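J.: Model the structure of this input:
(4 chains)
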Number of protein chains: 2
Amino acid sequence: MTHLVDPVVVTPDFECCKDCIGFNLRKATRAVSQFYDELLRPIGIRSTQYSLLVYLHMSGSITVTQLADNVVMDRTTLTRNLNVLEKEKFVTVISGLDRRTRLVTITQDGLVILDKAYPLWYQAQSRIKGAMSEAQLNGLLDNLSALVKAVQPNETLKN
Amino acid sequence: MTHLVDPVVVTPDFECCKDCIGFNLRKATRAVSQFYDELLRPIGIRSTQYSLLVYLHMSGSITVTQLADNVVMDRTTLTRNLNVLEKEKFVTVISGLDRRTRLVTITQDGLVILDKAYPLWYQAQSRIKGAMSEAQLNGLLDNLSALVKAVQPNETLKN
DNA sequence: TATTGGAAAAAGTATATGCACGTATTATTC
DNA sequence: GAATAATACGTGCATATACTTTTTCCAATA
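T.: Here you go, the predicted model:
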């Protein structure tokens, strides 16, 4: 005959926290972003700014919320990041037809800095890619996408 | 007979920037860290703080620079993160034997909050792990470690 | 059409991040 | 032992990040 065990408080096994996805992601992001930033430093922009400018170049004019959704960034974070780019004259932010919305557009100055930044970014990207196989790289990118999908609130629940 | 081509400025192919390791890492880190933070919110600490407390619990007393090296965090970033934990009485920071150093130690309060946080962290970690196979997870962690090693300045050059 | 509900965005507050620089302490060298 | 180099750390400044609250505007409905 079996008995229920007492509800004891088990000391957590913190050893397994070494495999925390969040911790390891943040650690790698710090290191990798610093690496890109270092190569971009000569022209005075950071990797976060480069990524936003590239996206704006590819997307064309876009509202703040749409851009935030697309790059998986909190809207208020994006607003502040855009303020920096606007101050540098790399983007313009104007009111949309729906006057609640704000349309973000890359400027000529933004395109110029993008062209300057591209070879620097490419160098950083190449060096990092050199540390892993093509299969590893594709696997990594796939896994990162899967993570984003896994943790994002289900959009279908909105309807 | 071959000729050297004119040194033309080629329009960059920004399409390939979609595979930027830094951009995709940051994006996943934003989403994933938010997910952990959401589950940790009931007890009032963030995933960054949880990770630091876990590390301090496992390592015992440690200097700021050693800790920064181990978690691949800028020393000044760590100082500020520790200030928050110190304010909450989760860690103590005292002068070491070498009076230049500062010894960081987790407190009783820190251990208490750790025990409370563990099941919440475990739940988040489990849900995320559920989105991928064991092989994928191990591959991801391996790739993240490889990235950190790839971009870190070669330590042997210091000697 | 007046109201009400929802959407888009900014501002306030706080943590996270890192570079440049300065200070205190230890180690080294002459 | 004094001068110098190296180490450990913090502060000032700026960007990156996100939650909460408030404001503005559009849409739907009674």
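J.: rest of the way, CA atoms for contacts and neighbours
T.: Fine.
J.: now the spatially most central residue of chain A: how far from DNA strand C?
T.: Ranked by distance to the mean C-alpha position of chain A (Cα atoms, centre = their mean), the top residue is A:Val71 at 6.2 Å. Distance from A:Val71 to DNA strand C, counting by Cα to the nearest atom of the strand, to the nearest Å: 13 Å.
J.: Just the buried positions in the longest helix along chain A, please.
T.: Criterion DSSP state H: the longest helix present in chain A is helix A:108-129. Of the residues in helix A:108-129, A:110-111, A:113-115, A:117-118, A:120-122, A:124-125, A:128-129 count as buried by neighbour count, 16 or more other Cα atoms under 10 Å in any protein chain shown.
J.: As JSON lines, the residues you listed with distance to DNA strand D and pLDDT would be great.
T.: Listed next are those as JSON lines, based on distance: Cα to the nearest atom of the strand, whole Å; pLDDT from 0 to 100:
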{"residue": "A:Gly110", "distance to DNA strand D": "14", "pLDDT": "97"}
{"residue": "A:Leu111", "distance to DNA strand D": "17", "pLDDT": "97"}
{"residue": "A:Ile113", "distance to DNA strand D": "14", "pLDDT": "97"}
{"residue": "A:Leu114", "distance to DNA strand D": "14", "pLDDT": "97"}
{"residue": "A:Asp115", "distance to DNA strand D": "18", "pLDDT": "96"}
{"residue": "A:Ala117", "distance to DNA strand D": "14", "pLDDT": "97"}
{"residue": "A:Tyr118", "distance to DNA strand D": "16", "pLDDT": "97"}
{"residue": "A:Leu120", "distance to DNA strand D": "16", "pLDDT": "97"}
{"residue": "A:Trp121", "distance to DNA strand D": "15", "pLDDT": "98"}
{"residue": "A:Tyr122", "distance to DNA strand D": "18", "pLDDT": "97"}
{"residue": "A:Ala124", "distance to DNA strand D": "17", "pLDDT": "97"}
{"residue": "A:Gln125", "distance to DNA strand D": "18", "pLDDT": "97"}
{"residue": "A:Ile128", "distance to DNA strand D": "19", "pLDDT": "96"}
{"residue": "A:Lys129", "distance to DNA strand D": "21", "pLDDT": "96"}
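J.: which of the residues you listed are close to chain B?
T.: Among the buried residues of helix A:108-129, the ones lying near chain B by Cα under 8 Å from any Cα of the partner chain are A:Asp115, A:Tyr118, A:Gln125, A:Ile128.
J.: ok, and the closest non-adjacent residue to the first one?
T.: If the residues on either side of it in the chain are set aside, A:Asp115 comes closest to B:Pro12, at 6.8 Å by Cα to Cα, 6 or more residues apart in numbering or on different chains.
J.: how much space between the one you found and A:Leu114?
T.: B:Pro12 sits 9 Å away from A:Leu114, taking Cα to Cα, to the nearest Å as the criterion.
J.: shaky segments in chain A?
T.: A:1-9, A:154-159 (pLDDT under 70).
J.: Flag every residue of it that's near DNA strand D.
T.: A:46-49, A:73-74, A:76-78, A:80-81, A:84, A:97-100 (Cα under 7 Å from any atom of the strand).
J.: Closest to DNA strand C out of the buried residues of helix A:108-129?
T.: Proximity of the buried residues of helix A:108-129 to DNA strand C was ranked by Cα to the nearest atom of the strand; the top entry is A:Ala124 with 14.1 Å.
J.: measure the closest residue to the closest one other than its chain neighbours to B:Lys18 for me?
T.: Distances taken as Cα to Cα, 6+ apart place A:Tyr36 nearest to A:Ala124, at 5.7 Å, with adjacent residues excluded. From A:Tyr36 across to B:Lys18, the span is 15 Å (Cα to Cα).
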